[in-house]
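Trainee: pasting the structure only:
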């Protein structure tokens, strides 16, 4: 008799079958952009070509959604030689404040960045500052260069006809939007100028983040430094996108289903919670952050050995964030990634809770998978229990989330100390939540 493969593994196989062609499509599109950016650099050496975007195809293969991909264009300047003028003091948990990039009067090697097309002299500048590098001007120069480079590459047959159309280049808020054709797929890129910095990423005290990653990997990755990207017409902000993606890659080196659970939920998010793009939903960056937090809250290998259990590690964290309306930035938890997102969190919460309670309907991808669904895993909503971290951040612990796993019948951990910790916090939540817990 043939062994019955669980629906979770059927679904994972379908997701994985798309990963290789998606990565190949990305690489072809990236080749087109690299060719164009090489011409941009030839026209204006201030704009460099980054050949180390090895994580781009990796991330694109993990996800199912077609949301825009960031493509960074490094600026050829030494950030350490600039004057970083922060607008206001920031708490460590909130991350660095926005800043202006000042050019010192005595600075050497910055002459190319004091021309009118990217620079603005300021009468308010002190004795040590000549003026500032203006992100809106940098974006305008880069846009014109991309148009000229695209026309040149097409005229000299350096890129395939139809692969990139300069008319698709639009200057949107703080970035340049560009469509690149790769086979039958069109990939949307957001081209962003970046200033590379070598200073270590400041992080807040609190949850020990290193426990969820291979030994030493968190420190090595954070030591790479944080980039500066446009935050407005005059200001720059810190960006951790490439650091978080490298942390995602580090998780992929661990045994278990961490990345598989992310791929599964991102596809469910796209097909069910986004309604295949017909309604606003969670971005891949949201899902990525949920996995990073889940990896810290559930550092034991046993948490990730079973595919279904691994998916529920992400689900309980996601449900808690939606119920409280707060998804903390992984490095700067004072930043709420759901704030000003424009999402209907109440409606989205209902969809995610419905999936968590009875996932089988969303996992069926073939007629042979039809059949009666098991009863819901929970008899009534658990939203009151999920909202506890909003009133007391001390609940943002493994023991609290173990209670949620137990509610969904996927705890399956034998560690006596962990069971005791869960039972202890359960008695506390029972008092607070009454019958609903």
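Mentor: Sure thing, it's come through. Note that the coordinates shown come from a computational prediction; the quantities given were computed from them, not determined experimentally.
Trainee: all contacts plus neighbour counts: C-alpha atoms, from now on.
Mentor: Will do.
Trainee: poorly predicted segments of the stretch 101-250 of the chain, please.
Mentor: Within the stretch 101-250 of the chain, the segments meeting pLDDT under 70 span 124-126, 202-207.
Trainee: so which residues of it form helices?
Mentor: For the stretch 101-250 of the chain, the helices defined by DSSP state H, counting those that start in this stretch cover 135-155, 217-222, 241-251.
Trainee: now the end-to-end length of stretch 169-178.
Mentor: 5 Å (C-alpha to C-alpha, to the nearest Å).
Trainee: and for it, what's in contact with it?
Mentor: Identification of contacts with stretch 169-178 by C-alpha atoms under 8 Å, 6 or more residues apart in numbering yields 136, 139-140, 143, 147, 168, 179, 188-193, 230-233.
Trainee: and with 10 Å instead?
Mentor: Here stretch 169-178 makes contact (C-alpha atoms under 10 Å, 6 or more residues apart in numbering) with 33, 68-72, 135-136, 139-140, 142-144, 146-147, 164-168, 179, 187-193, 229-233, 236.
Trainee: how close does residue 225 sit to residue 138?
Mentor: Distance from residue 225 to residue 138, by C-alpha to C-alpha: 22 Å.
Trainee: ignore the last one, residue 111
Mentor: Here the distance between residue 111 and residue 138 works out to 15 Å (C-alpha to C-alpha).
Trainee: looking at these two, which is more packed in?
Mentor: Regarding residue 111 and residue 138, a neighbour count based on other C-alpha atoms under 10 Å identifies residue 138 as having more, with 20 against 9.
Trainee: show the contacting residues for the residue nearest to that one when sequence neighbours are not counted.
Mentor: If the residues on either side of it in the chain are set aside, residue 138 comes closest to residue 118, at 5.2 Å by C-alpha to C-alpha, 6 or more residues apart in numbering. Residue 118 makes contact with 112, 132-141, according to C-alpha under 10 Å, 6+ apart.
Trainee: list the buried residues of stretch 146-162.
Mentor: Residues 146-154, 159 are the ones in stretch 146-162 that count as buried (16 or more other C-alpha atoms under 10 Å).
Trainee: equivalent analysis for stretch 249-256, please.
Mentor: Going by neighbour count (16+ other C-alpha under 10 Å), the buried part of stretch 249-256 is 250-252, 256.
Trainee: pretty sure residue 290 sits against residue 318.
Mentor: Yes. Counting by C-alpha atoms under 10 Å, residue 290 touches residue 318, with 6.2 Å between them.
Trainee: who touches both of the two?
Mentor: residue 327.
Trainee: quick one: contacts for the residue most central in space within the chain?
Mentor: Compute the mean C-alpha point of the chain, and by C-alpha atoms, centre = their mean the closest residue is residue 285, 2.6 Å away. Residues in contact with residue 285, defined by C-alpha under 10 Å, 6+ apart, are 241, 244-245, 291, 337.
Trainee: quick one, the longest helix seen in the chain and helix 135-155 angle?
Mentor: If you go by DSSP state H, the chain has its longest helix at helix 7-43. Calculated by axes from the mean of the first three to the mean of the last three C-alpha atoms, to 10 degrees, helix 7-43 forms an angle of 90 degrees with helix 135-155.
Trainee: mean confidence (pLDDT) on helix 7-43, please.
Mentor: Mean pLDDT, helix 7-43: 92.
Trainee: residue 8 contacts residue 264, correct?
Mentor: Yes. Contact criterion C-alpha under 10 Å: residue 8 and residue 264 qualify, at 8.6 Å.
Trainee: these two - which one has more neighbours?
Mentor: Of the pair residue 8 and residue 264, residue 264 is the one with more neighbours under other C-alpha under 10 Å, namely 24 against 17.
Trainee: check that one and give its pLDDT.
Mentor: On the pLDDT scale, residue 264 gets 95.
Trainee: can you check residue 100 too?
Mentor: The pLDDT attached to residue 100 in the predicted structure is 93.
Trainee: now do the end-to-end distance for stretch 296-316.
Mentor: Start-to-end, stretch 296-316 (C-alpha to C-alpha) is 13 Å.
Trainee: which positions in that stretch come out as buried?
Mentor: 296-299, 302-304, 307-316.
Trainee: cool, stretch 31-41 as well?
Mentor: Neighbour-count burial for stretch 31-41 flags 32-33, 35-41 (criterion: 16+ other C-alpha under 10 Å).
Trainee: so can I have a markdown table of the residues you listed showing distance to residue 405?
Mentor: Shown next, in a markdown table, are the buried residues of stretch 31-41 (distance: C-alpha to C-alpha, whole Å):
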| residue | distance to residue 405 |
| --- | --- |
| 32 | 46 |
| 33 | 44 |
| 35 | 49 |
| 36 | 49 |
| 37 | 48 |
| 38 | 50 |
| 39 | 53 |
| 40 | 52 |
| 41 | 52 |
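Trainee: of those residues, which is the nearest to residue 408?
Mentor: residue 33 (45.7 Å; C-alpha to C-alpha).
Trainee: just checking, the closest one touches residue 160?
Mentor: No. Between residue 33 and residue 160 there is no contact under C-alpha under 10 Å: 11.4 Å.
Trainee: need the strands for this structure, in chain order.
Mentor: Assigned by DSSP state E, the strands in the chain fall at 69-74, 83-86, 99-104, 119-121, 129-133, 170-172, 175-182, 185-194, 227-230, 236-239.
Trainee: okay if I get those as a markdown table plus distance to residue 351 and mean neighbour count?
Mentor: Formatted as a markdown table, the strands of the chain follow (distance: least, C-alpha to C-alpha, whole Å; neighbours: other C-alpha atoms under 10 Å):
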| stretch | distance to residue 351 | mean neighbour count |
| --- | --- | --- |
| strand 69-74 | 26 | 19 |
| strand 83-86 | 41 | 16 |
| strand 99-104 | 39 | 22 |
| strand 119-121 | 48 | 19 |
| strand 129-133 | 45 | 22 |
| strand 170-172 | 31 | 13 |
| strand 175-182 | 31 | 22 |
| strand 185-194 | 27 | 20 |
| strand 227-230 | 34 | 24 |
| strand 236-239 | 31 | 22 |
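Trainee: all set now, cheers.
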